[in-house]
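S.K.: A structural model of the following input is requested.
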Amino acid sequence: MAASIITRDVFGTLPDGRKVERIVLRGEGGFEARIIAHGAVLQALIAPDARGGHDDVVLGHDTFAGYLAERKFFGATVGRYANRIAKGQFSLDGETVQLAVNNGPNALHGGLDGFDRKLWEIADLDEGAEPAVTLTYVSPHGEENYPGRLDVRLTYRVTGPTELSVIMEARTDRPTIVNLTNHSFFNLEGATSGRSVLDHELTVAAEHFLAIDPNAIPLPEPPRPVAGTPFDFCEPRPVGERIRESDQQLQSGRGYDHTYCLRRDGKLGLAARLEAPRAGRIMELLTDQPGLQVYSGNFLDGTISGKGGKLIRQSDAMCLEPHIWPDAPNRPDFPSPRLDPGEVYRHHTVYRFSVRSP
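M.R.: Numbering: from 1, shown residues only. Sure, this is the predicted structure:
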């Protein structure tokens, strides 16, 4: 791999005067990942298309003011617990923990002031053949009412000419729960293209998904087979091909907003493939997590503007969020989010880009 370049500058300033830095990691042929320390956000991801051009493929804002004004999780690192916990409540070693309820009757994405709203420390830059930035955040015991101090370490690394790797680790000083993810909204035609993602072809390496109630909490039942339902993406099909079918689960999620059950066993493997028909841009997502949240941007309602000053509307982008299953602290039949002292929580996700052959 040819030598890559890291640059570092100030992206904005918090109301208390603290500077928010941005790190740019460069791969080959114009591939770039731009990361800001506030929320450990993937602010931009520049990838080639089949015609020799380049586009930013993640939604967000051109300036820091946009990230401060609205909490929409664009590109953010989400924690302590990504996705939802029913009624904001769970038990741990006989103690009941009550979290803030910030999404209807449920806790969502770490609470009122989650990791996406924190200024992370830039702990290390690696300017070697695989350029990387490592960010750290220390969440004190009792933050958002979660038990235990949590020391989090996150590394964004360019691991191929057009490949970005994200590794998250966490340690605790007392029993707790943890479930982290990156919450990027992808449009492989380009963030400012004005094109819908409904014609993107999606493949998901999962034969089961979690059915949800109207508040997006998994129903008290085993994972459902995707076969014979609009949730079957075992073979490539457009995201919007069946999204308007009269299906109770599509009604509950207002589209796709469901966890697919992956067979990972802690090993990195292909979870999803997304292809844009016009740009010919392909993204493969690999992860070691047991679940993949597929969200078709159902609640993007045109009330805010993003990059290029364009209003962000429904189906302008979609999320593919690898993580532990939602409400797992209350479901002993789900993969466990428990973390004990002496253990290390690990999460590895890779975004691998290519283009369609002529």
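S.K.: what ranges do the helices span in the stretch 1-150 of the chain?
M.R.: Secondary structure of the stretch 1-150 of the chain by DSSP state H, counting those that start in this stretch: the helices cover 64-69.
S.K.: tell me where the model's unsure across it.
M.R.: Low-confidence segments of the stretch 1-150 of the chain (pLDDT under 70): 1-4.
S.K.: can you do 90?
M.R.: The model of the stretch 1-150 of the chain has pLDDT under 90 over residues 1-5, 29, 70.
S.K.: count of neighbours near the nearest residue to Ile23 once chain neighbours are set aside?
M.R.: With sequence-adjacent residues excluded and distances taken as Cβ to Cβ, 6 or more residues apart in numbering, Ile23 is closest to Val133, at 4.4 Å. Every residue, glycine included, has its C-beta placed from N, CA and C. Number of residues near Val133 (other Cβ atoms under 10 Å) recorded here: 25.
S.K.: what's the answer for Val41, then?
M.R.: Counted with other Cβ under 10 Å, Val41 comes out at 28.
S.K.: what residues does it make contact with?
M.R.: Ile35, Gly60, Tyr67, Phe74, Gly75, Ala76, Thr77, Asp116 (Cβ atoms under 8 Å, 6 or more residues apart in numbering).
S.K.: that one pairs with what?
M.R.: Using DSSP bridges, the bridge partners assigned to Val41 are Ile36.
S.K.: now, the contacts of Val41 that are in strands?
M.R.: Secondary structure from DSSP state E places Ile35, Ala76, Thr77 of these in strands.
S.K.: redo those as JSON lines? Include distance to Ala328 and neighbour count.
M.R.: Shown next, in JSON lines, are the ones in strands among the contacts of Val41 (distance: Cβ to Cβ, whole Å; neighbours: other Cβ atoms under 10 Å):
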{"residue": "Ile35", "distance to Ala328": "28", "neighbour count": "27"}
{"residue": "Ala76", "distance to Ala328": "21", "neighbour count": "28"}
{"residue": "Thr77", "distance to Ala328": "19", "neighbour count": "28"}
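S.K.: ok, now which ones touch Asn298?
M.R.: With contact taken as Cβ under 8 Å, 6+ apart, Asn298 is in contact with Gly253, Arg254, Gly255, Tyr256, Asp257, Gln314.
S.K.: which pLDDT value goes with it?
M.R.: pLDDT for Asn298: 92.
S.K.: Ala191 versus that one, what's the distance?
M.R.: Distance, Asn298 to Ala191, using Cβ to Cβ, to the nearest Å: 18 Å.
S.K.: and for Tyr351?
M.R.: For Tyr351, the distance to Ala191 - Cβ to Cβ - is 15 Å.
S.K.: three-state assignment of Gln249?
M.R.: Secondary structure, DSSP: H, G, I helix; E, B strand; the rest coil: Gln249 is helix.
S.K.: so who does the residue nearest to it when sequence neighbours are not counted touch?
M.R.: Closest residue to Gln249 apart from its sequence neighbours, by Cβ to Cβ, 6+ apart: Ala211 at 5.6 Å. Ala211 sits next to Pro218, Leu219, Glu221, Arg224, Gln249, Ser252, His258 when contact means Cβ under 8 Å, 6+ apart.
S.K.: could you flag which of those are buried?
M.R.: Buried members of the contacts of Ala211, scored by 16 or more other Cβ atoms under 10 Å, are Pro218, Arg224, Gln249, Ser252, His258.
S.K.: so the residue nearest to Ile23 bridges to which residues?
M.R.: In this entry, Val133 is beta-bridged to Leu125, Tyr156, by DSSP bridges.
S.K.: could you do the one 5 residues further on as well?
M.R.: The residues listed as beta-bridge partners of Val138 by DSSP bridges are Asp151.
S.K.: was I right about it contacting Arg153?
M.R.: No: applying Cβ atoms under 8 Å, one finds Val138 not in contact with Arg153, separated by 10.1 Å.
S.K.: the more surrounded of these two?
M.R.: Using other Cβ under 10 Å, the more surrounded residue of Val138 and Arg153 is Arg153, with 17 against 12.
S.K.: can you confirm that one is in a strand?
M.R.: Yes: counting by three-state DSSP, Arg153 is part of a strand.
S.K.: from Leu180, how far out is it?
M.R.: Distance from Arg153 to Leu180, by Cβ to Cβ: 11 Å.
S.K.: joint contacts of the two?
M.R.: By Cβ under 8 Å, 6+ apart, Arg153 and Leu180 have these common neighbours: Met168, Ala170.
S.K.: can you flag which of the buried ones among the contacts of Ala211 belong to helices?
M.R.: Mapping the buried ones among the contacts of Ala211 onto helices (DSSP state H) picks out Gln249, Ser252.
S.K.: could you dump the buried ones among the contacts of Ala211 into JSON lines and include pLDDT and distance to Arg264?
M.R.: Converted to JSON lines, the buried ones among the contacts of Ala211 look like this (pLDDT from 0 to 100; distance: Cβ to Cβ, whole Å):
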{"residue": "Pro218", "pLDDT": "98", "distance to Arg264": "18"}
{"residue": "Arg224", "pLDDT": "98", "distance to Arg264": "19"}
{"residue": "Gln249", "pLDDT": "97", "distance to Arg264": "23"}
{"residue": "Ser252", "pLDDT": "95", "distance to Arg264": "26"}
{"residue": "His258", "pLDDT": "98", "distance to Arg264": "17"}
